[in-house]
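J.: no sequence on hand, only this structure:
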């Protein structure tokens, strides 16, 4: 008869008990739920919204298990999928679609004593729980074209500052400049090397004109594509957070594509609307306190109201790049690159608006 030491039996019993405890959350089926969050992270979800949702559900005679506030979000648990769809429609009518996102979700029902030891249900992928799969492609050609147009404007500005006369124009994916003398062309070439080192330079002659052709190298094109895809990845991840999906997948695929998988999401239309919405970027000065009502516009900001001038300085069309950074005090900031035209407009407006907020 085989006999083992007592400690081996105890280790086996401990391992089985531990496995059983951490497997228990999987027997608790999740509740169908709706989740309400703000279109903007600055919007606070509070008791007022909770009261509106409760009143709307009671008015439509929709039974619900609970309605609570969690991490600036409102979570309503419902008994079945039919009630979930009805509750979503009633909540949207009560709160409106302008400032709030109402998403269908599955809320875990793991008991608190299990959650206290870090136990939770197994995260199911699309093959087990269903969900939404998106494959998006970033228009990198448009991003490169925008950057190239900005480079043309910048190069023209640099030539004017150095009093180098010539004709500069964009031809496809290259910048072509023509000059009357070889000396002017060489000066322009040196200026391009100093200010646009990522461009390759090719000198030539076209009749009586001396030509300079600037083209983006493969490394520069790859870098611009990576920046465009990275910016879209950050934007899409922020939008996925609005849906409140557990274990989402947002990752790059290939050179310009992004894969998004949202397990458990049942409302495909809402997910598509949130992920595909277009953001508008505008730069405006804060309105003066004595400004007339028709010269200013009100916007919700950090629980209050901010008044901005109606005149727009520049828009996202003049932004050619953005990256995270730190200021001189090591505080986080966003560094934005404007096109030559946008930079000139920004300089002209802000030099007369010192110490004003924008």
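T.: Looks like it came in fine. Computed from a prediction, not measured in an experiment: that's the story for all the values here.

J.: all strands for the stretch 201-350 of the chain, in order.
T.: Taking DSSP state E, counting those that start in this stretch as the test, the strands found in the stretch 201-350 of the chain are 209-216, 249-253, 257-263, 282-283, 296-301, 304-309, 314-315, 319-326, 332-338.

J.: avg pLDDT for the last one?
T.: Pointing back at strand 332-338 there. What strand 332-338 shows for mean pLDDT is 83.

J.: what residues of that strand count as buried?
T.: By 16 or more other C-beta atoms under 10 Å, the buried positions in strand 332-338 come out as 336, 338. Every C-beta, even on glycine, is put in place using the N, C-alpha and C of the backbone.

J.: what does the second one give?
T.: If you call a residue buried by 16+ other C-beta under 10 Å, then strand 249-253 has these buried ones: residue 250.

J.: could you do the third one as well?
T.: Buried residues in strand 257-263, counted by 16+ other C-beta under 10 Å: 258, 260, 261, 262, 263.

J.: which one's the longest helix in this protein?
T.: Ordering each helix of the chain by length in residues (DSSP state H) puts helix 218-243 first.

J.: contacts only, for the nearest residue to residue 60 once chain neighbours are set aside.
T.: Distances taken as C-beta to C-beta, 6 or more residues apart in numbering place residue 90 nearest to residue 60, at 4.8 Å, with adjacent residues excluded. Shown here is residue 90, whose contacts under the criterion C-beta atoms under 8 Å, 6 or more residues apart in numbering are 56, 57, 59, 60, 62.

J.: hmm, the fourth one is touching residue 88, no?
T.: No: under the contact definition of C-beta atoms under 8 Å, residue 60 does not touch residue 88, with a separation of 11.3 Å.

J.: just want to know which of these two has more residues nearby.
T.: residue 88 (22 against 15; other C-beta atoms under 10 Å).

J.: please name the nearest non-neighbouring residue to that one.
T.: In this structure, residue 88 finds its nearest non-sequential neighbour in residue 34, 5.0 Å apart by C-beta to C-beta, 6+ apart.

J.: gap between the residue nearest to residue 60 and residue 113?
T.: As judged by C-beta to C-beta, to the nearest Å, residue 90 and residue 113 stand 34 Å apart.

J.: now swap in residue 107 and tell me
T.: With the distance defined as C-beta to C-beta, residue 107 ends up 18 Å from residue 113.

J.: please apply the same query to residue 103.
T.: For residue 103, the distance to residue 113 under the criterion C-beta to C-beta works out to 29 Å.

J.: low pLDDT regions in this structure?
T.: Under the criterion of pLDDT under 70, the regions of the chain flagged as low confidence span 1-2, 41, 97, 125-127, 129, 241-247, 264, 266-267, 278-279.

J.: centroid-nearest residue for it?
T.: residue 235 (1.4 Å; C-alpha atoms, centre = their mean).

J.: hmm, back to that, with distance to residue 134 added, can I get the strands of the stretch 201-350 of the chain in JSON lines?
T.: Putting the strands of the stretch 201-350 of the chain into JSON lines (distance: least, C-beta to C-beta, whole Å) gives the following:
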{"stretch": "strand 209-216", "distance to residue 134": "30"}
{"stretch": "strand 249-253", "distance to residue 134": "9"}
{"stretch": "strand 257-263", "distance to residue 134": "4"}
{"stretch": "strand 282-283", "distance to residue 134": "28"}
{"stretch": "strand 296-301", "distance to residue 134": "30"}
{"stretch": "strand 304-309", "distance to residue 134": "34"}
{"stretch": "strand 314-315", "distance to residue 134": "27"}
{"stretch": "strand 319-326", "distance to residue 134": "24"}
{"stretch": "strand 332-338", "distance to residue 134": "27"}
